[in-house]
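Peer 1: one predicted model, sequence on top.
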Amino acid sequence: MSRLTLRQRQIHLDFHTGPAIPDVGADFDPREFARTMKRAHVDSVTVFAKGHHGHLYYNTKHPARHPGLRPGLDLLRGQVEALHREGIRAPIYISVQCDEFAANTHPEWIALSADNTRVAPNPLGTGWQILDMSSPYQDYLAEQLAEVLRLFKPVDGIFFDMCWNQPSLTPYAKAGMLKAGLDPALEADRNTYAKRVAHQYMARYARMVKQATPGATVYFNSRPLAGLPEDVRWLTHVEIEALPTGGWGYMYFPKNVRYARNFNRPYMGMTARFHKSWADFGGLKPHAALQYEVCQMLAHGAECSIGDQLHPRGRLDAAVYDLVGEVYGYAEACEPWTAGAKPVTQVGLFRAASAGYHEQPGNANDGATRMFTQLKLQFDVVDAASRLDRYDLLVLPDGVPVDAALAKALRAFVKQGGSLLVSGTDFGDLLPDLGIR
């Protein structure tokens, strides 16, 4: 695919607003909304069609329209049109596997665990009910997507969130596994089917977006970036959500961006203005911390995104956009040097096996990334499918198993004059090539 160009200073404007909240959007002023963004040097804003509560923020006859949104108020349209008048891009957010309205209306669509409990919080707990994408919910969401694509055509893009591989044992999932020759009793088969279902709906929804607006961007969030070799066919770009104080840690972005930038897609980092994590309304990150996180994105050749959450009444927080404006003003001043910059690397660092989307900090991938960063060596994170001949040195940290195919590729690399640095014990039949008997 031809390489598109992303905007460089984005806001990801969360709006997960529960049904008990009245007066949704009551203070929304489209002109002030867009001009606040413009003054803060923002050139793209991801705005909400549907959040995790499952409610819709535009004019529709669908029963999921937010009950606190007064009749006739088309909040999403007001946001999109106001932003466009200021030359600001406005991709649209849709929550996928989190939809409280659908879950409460159709509890049979909620994913089931192996112990026959719903994938949901306990009755006195907090959290989200998770939908089974092999259920009729997939068609339900497709109808909502089709409406958004029709009403807002041409869309700038669609950001799909909460898209991990969700194993399930609902009757829908069990029937699908049996039809595919898989055994629902086996955890490995349940995981295989969950991945197939995710790929199926990703392909379906991406095709719908591209048929409606060929130039639109498409991204599926909340998926392990180690899966990019398979997922990238449905992505126009990569957004690396990584709030350092929100559970991701400060090593998550650098180790993943150095991998994501190898897939011939534009890529973007995403932090947030919150002191802690998403929806921390009362928290404001110190200027130095936010500028450091944005500069880290720029230094890796990434575009920038800062997360915020719009107040339910629809008015932006002035203090937030004073902070964003200072940081993005600096980022804009850097763009003559950063826009279109390409990383130049000498080292390929192999990625150790990851447990999933939120890899626990302090592992071999973190340690190796920290070491080479502090040594000021320019490196990419690679895997066995990467083009290894681009590097002078390949590094295999602890936790990288070497099978026969990888051993053959590494031998060829050394034969062509490359160097290897290895750590750990699982090197299989590569040991003689390392001088170890």
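Peer 2: It's in.
Peer 1: from now on I want contacts and neighbour counts done on CA atoms only, so please keep to that.
Peer 2: OK.
Peer 1: wait, a helix at Gly215?
Peer 2: No: counting by DSSP: H, G, I helix; E, B strand; the rest coil, Gly215 falls outside a helix, being coil.
Peer 1: not counting sequence-adjacent ones, nearest residue to it?
Peer 2: Take Gly215 and drop its neighbours on the chain: the residue closest to it by C-alpha to C-alpha, 6 or more residues apart in numbering is Asp156, 7.6 Å away.
Peer 1: same check, this time on Met297
Peer 2: Counting by C-alpha to C-alpha, 6+ apart, the residue nearest Met297 is Gly269, at 5.8 Å.
Peer 1: please report phi then psi for that neighbour.
Peer 2: With angles defined as degrees, to the nearest 10, Gly269 sits at phi -90, psi 160.
Peer 1: give me the beta-bridge partners of it?
Peer 2: Beta-bridge pairing of Gly269 under DSSP bridges involves Ile240, Cys304.
Peer 1: quick one: it and Leu243 touch, right?
Peer 2: No: counting by C-alpha atoms under 8 Å, Gly269 does not reach Leu243; the two are 9.6 Å apart.
Peer 1: what packs against the one helix or strand Ala333 maps to?
Peer 2: Per DSSP states H and E, Ala333 falls inside helix 318-338. Secondary structure elements in contact with helix 318-338, counted by 3 or more C-alpha pairs under 8 Å, 6 or more residues apart in numbering; DSSP states H and E, are strand 9-14, helix 30-39, helix 287-299.
Peer 1: mind redoing it with 7 Å?
Peer 2: On a contact count with 3 or more C-alpha pairs under 7 Å, 6 or more residues apart in numbering; DSSP states H and E, helix 318-338 meets helix 287-299.
Peer 1: what comes into contact with the helix it packs on?
Peer 2: By C-alpha atoms under 7 Å, 6 or more residues apart in numbering, the list of residues contacting helix 287-299 from outside reads Gly269, Arg273, Glu303, Cys304, Leu323, Val327, Thr338.
Peer 1: Asp366 - that's part of a helix, no?
Peer 2: Yes: counting by three-state DSSP, Asp366 falls inside a helix.
Peer 1: relative to Ala260, how far out is it?
Peer 2: Applying C-alpha to C-alpha, to the nearest Å, the value for Asp366 to Ala260 is 16 Å.
Peer 1: between the two, which has more neighbouring residues?
Peer 2: Neighbour tally, Asp366 and Ala260, criterion other C-alpha atoms under 10 Å: the higher count belongs to Ala260, 25 against 20.
Peer 1: separation between the more buried one and Ala339?
Peer 2: Using C-alpha to C-alpha, one obtains 18 Å as the distance from Ala260 to Ala339.
Peer 1: what stretches of this structure score poorly on pLDDT?
Peer 2: Applying pLDDT under 70 to the chain flags the ranges 1-3, 354-358, 425-426, 428-429, 435-437.
Peer 1: remind me, longest helix of it?
Peer 2: helix 187-212 (DSSP state H).
Peer 1: now that one, how far from the centre of its chain.
Peer 2: Put simply, helix 187-212 sits 16 Å off its chain's centre (C-alpha atoms, centre = their mean, to the nearest Å).
Peer 1: now do the buried residues in that helix.
Peer 2: Residues of helix 187-212 classed as buried by neighbour count (16 or more other C-alpha atoms under 10 Å): 189-191, 193-194, 197-199, 201-202, 205-206, 208-210, 212.
Peer 1: likewise for stretch 130-137?
Peer 2: By 16+ other C-alpha under 10 Å, the buried positions in stretch 130-137 come out as Ile130, Leu131, Asp132, Met133, Ser134, Ser135, Tyr137.
Peer 1: can you put these in JSON lines and add secondary structure?
Peer 2: Formatted as JSON lines, those follow (three-state DSSP):
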{"residue": "Ile130", "secondary structure": "strand"}
{"residue": "Leu131", "secondary structure": "strand"}
{"residue": "Asp132", "secondary structure": "coil"}
{"residue": "Met133", "secondary structure": "coil"}
{"residue": "Ser134", "secondary structure": "coil"}
{"residue": "Ser135", "secondary structure": "coil"}
{"residue": "Tyr137", "secondary structure": "helix"}
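Peer 1: closest one to Asn116 out of the buried residues of helix 187-212, please.
Peer 2: Among the buried residues of helix 187-212, Arg190 lies closest to Asn116 (C-alpha to C-alpha), at 13.9 Å.
Peer 1: does that closest one touch Asn165 like I think?
Peer 2: No: taking contacts as C-alpha atoms under 7 Å, Arg190 lies outside contact range of Asn165: 10.0 Å.
Peer 1: list the buried ones in the strand or helix carrying Gln144?
Peer 2: Gln144 is part of helix 137-151, with elements assigned from DSSP H and E. Under the neighbour-count criterion of 16+ other C-alpha under 10 Å, helix 137-151 has Tyr137, Gln138, Leu141, Ala142, Gln144, Leu145, Val148, Leu149 buried.
Peer 1: show me the two of those that sit farthest apart.
Peer 2: It's Tyr137 and Leu149 that sit farthest apart of the buried residues of helix 137-151, by C-alpha to C-alpha, at 18.2 Å.
Peer 1: from Arg190, how far out is Met268?
Peer 2: 32 Å.
Peer 1: my bad, Pro167
Peer 2: Remark: distance between Pro167 and Arg190 (C-alpha to C-alpha) = 6 Å.
Peer 1: same question, Ala114
Peer 2: 10 Å.
Peer 1: got it, and Asp161?
Peer 2: Applying C-alpha to C-alpha, the value for Asp161 to Arg190 is 22 Å.
Peer 1: next one: Arg315
Peer 2: Arg315 sits 44 Å away from Arg190 when distances are taken as C-alpha to C-alpha.
Peer 1: likewise Val155?
Peer 2: On the measure of C-alpha to C-alpha, Val155 and Arg190 end up 35 Å apart.
Peer 1: ok, now Leu178?
Peer 2: Counting by C-alpha to C-alpha, the gap from Leu178 to Arg190 is 11 Å.
Peer 1: those strands in the stretch 1-150 of the chain, which residues are they?
Peer 2: For the stretch 1-150 of the chain, applying DSSP state E, counting those that start in this stretch gives strands covering 9-14, 44-50, 92-95.
Peer 1: JSON lines for the ones you listed, including distance to Ala319?
Peer 2: Formatted as JSON lines, the strands of the stretch 1-150 of the chain follow (distance: least, C-alpha to C-alpha, whole Å):
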{"stretch": "strand 9-14", "distance to Ala319": "15"}
{"stretch": "strand 44-50", "distance to Ala319": "18"}
{"stretch": "strand 92-95", "distance to Ala319": "24"}
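Peer 1: columns mean neighbour count on top of those strands, output as a markdown table?
Peer 2: Formatted as a markdown table, the strands of the stretch 1-150 of the chain follow (neighbours: other C-alpha atoms under 10 Å):
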| stretch | mean neighbour count |
| --- | --- |
| strand 9-14 | 23 |
| strand 44-50 | 25 |
| strand 92-95 | 24 |
